[in-house]
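Colleague: Fold the following.
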Amino acid sequence: YDTSTRVPRDLVLVDTPGLSSPDARQKDALIGFLPKADAILMAVDCNQQITHSLLRFVDETKLAGRKVYLIVTKCDTKPASDREQIKKHIAANSKLPMEHIACVSAQQDDLTEFYDLIAKLSQNKKEILGTAIRGRLEILKEELKKSVSELLKQPSSTEGLEKELSGHERHVEELEREVKHLISSVRYAVEDVSDEISRYYQNLLFQRLDALVNQRADNLNTEATT
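Modeller: Residues are numbered from 1 along each chain as shown. Okay, here's the model as predicted:
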C-alpha cells in the first residue's frame, strides 16, 4: 500500500499471504518476497502469540538476521493492563531480536501504537535500508565464493570448461545486475555509504573472478599445447 494518508510516502507496505495459509503457493509467494523486503512487520494473534510453526519459519527463512517488528493483533480480547506483560513474554520466548512490538485492535480501531511504529520506521529508514543492503551484499559475496569454488574444479575437457564458464557467466551477470541495483539504492537512499567504496567493492569482486577464469583457461591452453 502506497496511497495511505497515514503512511508516509517514503514507506511502501506489502501485504503478503499469512504463514497459516494452507495453500502451498501462498507460502512460496511469502518466502519468495522476503529477500526483497528491507524490514519485516510480523503480525501475530494476541491469543496465540509465538507458535512452534512460527519459530520453525524463523529458522527456515533465516529471519534472525533481519530487522523484525511485531504487530500483536486482537488486543481488545485482553485487559489493557496485560499489554506490557504480553510484550515481555513474546520478546523472551521468540528467537528474534524484536526492534519494536506494537499492540493493536481493529475491533476498537486502536491503532495508536501501529502509527507510532510507522513514524519510527520513517525516521530510521536510512539505517534500516543500510542494514538490508549489507545483508544482501553478504549473500552476494557467498554466491561469488561458491561460483569461484565450482570454477576451480578440474573439468574433464576444454568443452566442459567452456560450458561451465558459460553457466558462470550467466550467473555473474545476474549478480552484477543485483549489485548495480544495490549500489543505486545506496546512492539514493543511504547518504553515509560512499559511492566510491561501493564501486570499488563491485569491481574488485569481478576482477578477481575474471582473473581466476583467465588463469584456468591459460592453464588448459598450456596443457593442450604440451
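Colleague: Run through the residues that contact the residue lying closest to residue 26 once chain neighbours are set aside.
Modeller: Among residues not flanking residue 26 along the chain, residue 17 sits closest, at 3.5 Å (C-beta to C-beta, 6 or more residues apart in numbering). Placement of C-beta: from N, CA and C, glycine included. The contact partners of residue 17, taken as C-beta atoms under 8 Å, 6 or more residues apart in numbering, are 23, 26-27, 29-30.
Colleague: I'd assumed residue 17 was in a strand, is it?
Modeller: No. Per DSSP: H, G, I helix; E, B strand; the rest coil, residue 17 lies outside any strand segment and is coil.
Colleague: From residue 35, how far off is it?
Modeller: 16 Å (C-beta to C-beta, to the nearest Å).
Colleague: what's the answer for residue 15, then?
Modeller: 17 Å.
Colleague: Which one of those two is surrounded by more residues?
Modeller: Between residue 15 and residue 35, residue 35 has the larger neighbour count (other C-beta atoms under 10 Å), namely 13 against 8.
Colleague: Show me the domain layout of this structure.
Modeller: Residue ranges for the domains of the chain, per automatic domain parsing: 24-123, 134-225.
Colleague: Check the ones you listed for me: which has the lowest mean pLDDT.
Modeller: Mean pLDDT values for those show the minimum at domain 134-225, a mean of 65.
Colleague: now the contacts of residue 17 in CSV, with neighbour count and secondary structure?
Modeller: Output for these, formatted as CSV (neighbours: other C-beta atoms under 10 Å; DSSP: H, G, I helix; E, B strand; the rest coil):
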residue, neighbour count, secondary structure
23, 9, coil
26, 15, helix
27, 17, helix
29, 13, helix
30, 16, helix
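Colleague: could the residues you listed be laid out in JSON lines, adding distance to residue 67?
Modeller: Shown next, in JSON lines, are the contacts of residue 17 (distance: C-beta to C-beta, whole Å):
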{"residue": "23", "distance to residue 67": "28"}
{"residue": "26", "distance to residue 67": "24"}
{"residue": "27", "distance to residue 67": "22"}
{"residue": "29", "distance to residue 67": "21"}
{"residue": "30", "distance to residue 67": "17"}
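Colleague: of these, closest to residue 166?
Modeller: residue 29 (31.3 Å; C-beta to C-beta).
Colleague: The closest one is in contact with residue 18, isn't it?
Modeller: No. With contact defined as C-beta atoms under 8 Å, residue 29 and residue 18 do not form a contacting pair (10.9 Å).
Colleague: State the number of residues packed around residue 142.
Modeller: Using other C-beta under 10 Å, residue 142 is surrounded by 10 other residues.
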